[in-house]
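Enquirer: Sequence and predicted model, in that order:
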Number of protein chains: 2
Amino acid sequence: VYIASDKIIIFSLYKKSVFPPQMKVKDQHFETIWIHPADPYVVQIIDQRYLPFRFVVEDLRTMEDVFRAIRDMHLRGAPLIGVAGALGMYLALTGWDAMAGPDDLKRIATMLKGARPTAVNLAWALDRMADALTDAGNHEEQIRLARETALNILAMERENSRLIGTYGLQLIAGMHGGHHEPVQILTHCNAGWLACIDYGTALAPVYMAHDSGIPVHVWVDETRPRNQGARLTAWELKQHGIPCTVITDNAGGYLMMRRMVDMVIVGSDRASVYGDVVNKVGTYLKALAAHDNGIPFYAALPSSTIDPVLGEGAMDTVIEERDGREVRNAEGWMNGQIGEVNLIPEDTQVSNYGFDISPARLVTAFITERGIVQANKTDILNLFPEKNLNPGV
Amino acid sequence: VYIASDKIIIFSLYKKSVFPPQMKVKDQHFETIWIHPADPYVVQIIDQRYLPFRFVVEDLRTMEDVFRAIRDMHLRGAPLIGVAGALGMYLALTGWDAMAGPDDLKRIATMLKGARPTAVNLAWALDRMADALTDAGNHEEQIRLARETALNILAMERENSRLIGTYGLQLIAGMHGGHHEPVQILTHCNAGWLACIDYGTALAPVYMAHDSGIPVHVWVDETRPRNQGARLTAWELKQHGIPCTVITDNAGGYLMMRRMVDMVIVGSDRASVYGDVVNKVGTYLKALAAHDNGIPFYAALPSSTIDPVLGEGAMDTVIEERDGREVRNAEGWMNGQIGEVNLIPEDTQVSNYGFDISPARLVTAFITERGIVQANKTDILNLFPEKNLNPGV
């Protein structure tokens, strides 16, 4: 399916409104990132900028390739970014003539962290890599260790997603209760396998439910300004054969009021031990609507997302302000290629906060790799004692 | 400024990111619709499909022209649609050789109502026209009456907006309290003068505050899928010199949580005597966020918007489901013209409800042409006793 070249268009997914049916990317066991099976010095990724219109696999050969792929969002999603950073350090070392010393490793880590400075997982993965590689005996062993450590991080992320899916599946099964009607799930942004290695966070339970024979239907918020819901989540679900409907970010509240949603599941970029959820901007509005209508609202997240330093309410989170071009413009397909249209004149003043905060009081529970936990400090610290910064208190 | 031709591009507003500064459309006393000053058989409108990129005035000469202009949304906004319908009946009669009988008038009204079947104001204005014209003595008098009645409806709408502005101004002035900081107002969709004849509903108080020397800044929800906020509201405000910032529909909740919004003012397409507000989809989410953060949430509406038949909660409102193309595509400026981009493949399943309902418990008050009234049945029926369908009860 893939060929070793710098940028391979596997097939055009979208031509004059004909979407190739049954393109089971998932059934071919595609993950988001892997080492080339025939060339250990090449890392391959799905270049997500072209989805859902084209399925493009990109070859990354150097640390600089990885840096660009992360910075320019060929890939995104907290778990995936961390793995990409780790494999970036591996590629960096393959290009060296001799072993890298502790200072060299730190320098490589610092450079790669700069690709997405606010990504917690990226920093965590690179620090773990640097630690693991310091004690290597020689150059070859260091490269082998780098490869192993990066693949261990990858395997851990895959396993976290699988466990989140397994626990979340029980919630969906409980909601279904053996009825014939599909369980109606609303999600925001993309917290699917494209944001992870496989399965996803918010979507992992959905995939598992579907594969267990529980009928599900997903309402997908388009998620302006970058439309990751419309472009990535809808594509993922469709590839797996899961019915879904794309809606504007404005519509979910009305659907909940009409009882057309049974549960909301979102991902998270950072969470507090108090149960507050930092996630893609707009999540808070859906948490409010779910609460107002008595609909359960779940955040699916690996425990690496829980930041023990965050205060109650998580208002000490620094919310990234992104480029106004994303608000002024919309990207899509025209004339056989991906292009942008100016929604409004370029000199219009805009604001573009990337995330918001859903306070714990609106969150029913976290779905984690260790199980379901109610969104409060006592329960979260019981399940994750390592997140307690003051265990004596 | 305008010339009698079928479609006149007055000037291109947007060329390679240069937005002509100080284009005071408003200062030239432009309204949204008028009878051509030199040709009484021509109605002129601002063709809003081209805003904010081009300012185009369109000549309407026949009932069919008016029908198309309403159906294809050359103009929109409840008050404006009603006036356009009335002037459409006037144009219809100018084309006749003899007086139209009661059945003819009903037929014309029915045809024009079909342009936007769910628009309450359109039906109301056309029924009022038909009633007024039935007793005309001859053809000439009927045309004169049609012209007068339509212009009376227009004048009434203009006056309603002016009064809403005057009352709403007091709320903004109270919020400002003589401080130096601008009052931060969030609005959704377009309820400005482009939706009315002049001033607007939600924006009328904002214009009056600005003109009274009270500093204001408006957060403008882009309002997917048709982006009336980004395209029309931001343009209107800019023409009048009012500072504003366009945000995605996802962002307003976070701004409110950060105390960056002092008050929310929206328009309404229909309201119940219980205080429930039917408005452009997404309004409910902002009402929830305002309530959650203790920020006042106002609906500015002429009393013609209050539908005495609606039940408590307004869930008996039929919510229009619009064409999925609006969700799949985005319209904007590219290569020197207005064009569309496919945000997602054309066979993606989408849903596109046009409106939602903000329950009275989330609404602080209505701003009406008779004053500010709290959003509950007792106060609303006290101010508008004619809306009481059971005055004895």
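Expert: The structure has been received and is ready for your questions.
Enquirer: What sits closest to whichever residue of the stretch 51-200 of chain A sits closest to chain B if chain neighbours are left out?
Expert: The minimum distance from the stretch 51-200 of chain A to chain B, using C-beta to the nearest C-beta, falls at A:P52 (6.0 Å). (Glycine included, C-beta is placed from N, CA and C.) With C-beta to C-beta, 6 or more residues apart in numbering or on different chains as the criterion, A:P52 has its nearest non-adjacent residue at 3.8 Å, and that residue is A:W235.
Enquirer: any idea how far the nearest residue to A:H188 once chain neighbours are set aside is from B:D249?
Expert: Sequence neighbours aside, A:D221 is the residue nearest to A:H188 in space, at 4.4 Å (criterion: C-beta to C-beta, 6+ apart). Per C-beta to C-beta, to the nearest Å, A:D221 is found 10 Å from B:D249.
Enquirer: do A:I46 as well
Expert: A:I46 sits at a distance of 29 Å from B:D249 (criterion: C-beta to C-beta).
Enquirer: quick one: contacts for A:M99?
Expert: Neighbour list for A:M99: A:136, A:138-139, A:142 [criterion: C-beta atoms under 8 Å, 6 or more residues apart in numbering or on different chains].
Enquirer: among the residues you listed, who's most crowded?
Expert: Neighbour counts for the contacts of A:M99 peak at A:Q142, which has 23 neighbours (criterion: other C-beta atoms under 10 Å in any protein chain shown).
Enquirer: While we're on that one, how confident is the model there?
Expert: We have a pLDDT of 97 for A:Q142.
Enquirer: What strand or helix carries it?
Expert: helix A:139-176 (DSSP states H and E).
Enquirer: repeat for A:P205
Expert: helix A:204-211.
Enquirer: again, but for A:V83
Expert: Following DSSP H and E, one finds A:V83 within helix A:78-94.
Enquirer: So which bits of the helix or strand following that helix are buried?
Expert: Of the helices and strands lying after helix A:78-94 in sequence (DSSP H and E), the nearest is helix A:102-113. For helix A:102-113, burial by neighbour count (16 or more other C-beta atoms under 10 Å in any protein chain shown) applies to A:104-105, A:108-109, A:111-113.
Enquirer: and if you look at stretch A:301-320?
Expert: Buried positions in stretch A:301-320, judged by neighbour count with 16+ other C-beta under 10 Å: A:301-307, A:310, A:314, A:317, A:319.
Enquirer: just how off-centre is it within its chain?
Expert: How far stretch A:301-320 lies from its chain's middle: 16 Å, per C-alpha atoms, centre = their mean, to the nearest Å.
Enquirer: Not counting residues beside it along the chain, what's closest to the closest residue to chain B within the stretch 251-393 of chain A?
Expert: Among the residues of the stretch 251-393 of chain A, A:G282 lies closest to chain B, at 2.8 Å counting by C-beta to the nearest C-beta. Nearest in space to A:G282, with sequence neighbours left out and distances taken as C-beta to C-beta, 6+ apart, is B:N250 at 2.8 Å.
Enquirer: what's the neighbour count on the one you found?
Expert: B:N250: 32 surrounding residues under other C-beta under 10 Å.
Enquirer: For it, give me its contacts.
Expert: Residues near B:N250 by C-beta under 8 Å, 6+ apart: A:223-224, A:249, A:280-282, A:285, A:356.
Enquirer: was I right about the residue of the stretch 51-200 of chain A closest to chain B contacting A:T233?
Expert: No: judged on C-beta atoms under 8 Å, A:P52 makes no contact with A:T233 at a distance of 9.8 Å.
Enquirer: And the two? Which one has more around it.
Expert: Set A:P52 next to A:T233 and count neighbours by other C-beta under 10 Å: A:T233 wins out with 31 against 23.
Enquirer: quick one, phi psi at the more buried one?
Expert: phi -60, psi -50 (degrees, to the nearest 10).
Enquirer: what residues are up against it?
Expert: A:187, A:189-192, A:203, A:218, A:220, A:244.
Enquirer: Please narrow those to those residing in strands.
Expert: Using DSSP state E, the members of the contacts of A:T233 that fall within strands are A:187, A:218, A:220, A:244.
Enquirer: Rebuild those as JSON lines, extending it with distance to B:G165.
Expert: Listed next are those as JSON lines, based on distance: C-beta to C-beta, whole Å:
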{"residue": "A:T187", "distance to B:G165": "41"}
{"residue": "A:V218", "distance to B:G165": "44"}
{"residue": "A:V220", "distance to B:G165": "40"}
{"residue": "A:C244", "distance to B:G165": "44"}
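Enquirer: Which of the residues you listed sits closest to chain B?
Expert: Of all the ones in strands among the contacts of A:T233, A:C244 has the smallest distance to chain B: 6.9 Å, by C-beta to the nearest C-beta.
Enquirer: Wait, that closest one touches A:V220, no?
Expert: Yes: with contact defined as C-beta under 8 Å, A:C244 counts as touching A:V220 (5.2 Å).
Enquirer: So for these two, which sits in the more crowded spot?
Expert: A:V220 (30 against 24).
Enquirer: If the more buried one is in a bridge, with which residues?
Expert: Counting by DSSP bridges, A:V220 is bridged to A:T187, A:V246.
Enquirer: ok, A:E157 to A:G82 distance?
Expert: 7 Å.
Enquirer: likewise A:R328?
Expert: Using C-beta to C-beta, A:R328 is found at 31 Å from A:G82.
Enquirer: what residues does the stretch 51-200 of chain A put near chain B?
Expert: Neighbours of chain B within the stretch 51-200 of chain A, by C-beta under 8 Å from any C-beta of the partner chain: A:52-53.
Enquirer: which element follows the least confident helix or strand in chain A by mean pLDDT toward the C-terminus?
Expert: Every helix and strand of chain A was ranked by mean pLDDT, DSSP states H and E. The lowest is strand A:7-12, at a mean of 46. Downstream of strand A:7-12, the first helix or strand assigned by DSSP H and E is strand A:33-35.
Enquirer: where do the contact lists of A:C244 and A:V220 overlap?
Expert: A:233-234, A:237.
Enquirer: Any chance of the residues you listed in JSON lines with pLDDT and distance to B:A146 as columns?
Expert: JSON lines is the format used below for these (pLDDT from 0 to 100; distance: C-beta to C-beta, whole Å):
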{"residue": "A:T233", "pLDDT": "98", "distance to B:A146": "54"}
{"residue": "A:A234", "pLDDT": "98", "distance to B:A146": "51"}
{"residue": "A:L237", "pLDDT": "96", "distance to B:A146": "55"}
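Enquirer: quick one: which of the residues you listed is nearest chain B?
Expert: Distance to chain B across the shared contacts of A:C244 and A:V220 (C-beta to the nearest C-beta) is lowest for A:A234, with 5.8 Å.
Enquirer: Can you tell me which residue of the stretch 101-250 of chain A sits closest to chain B?
Expert: Nearest to chain B, among the residues of the stretch 101-250 of chain A, is A:N250, at 2.8 Å (C-beta to the nearest C-beta).
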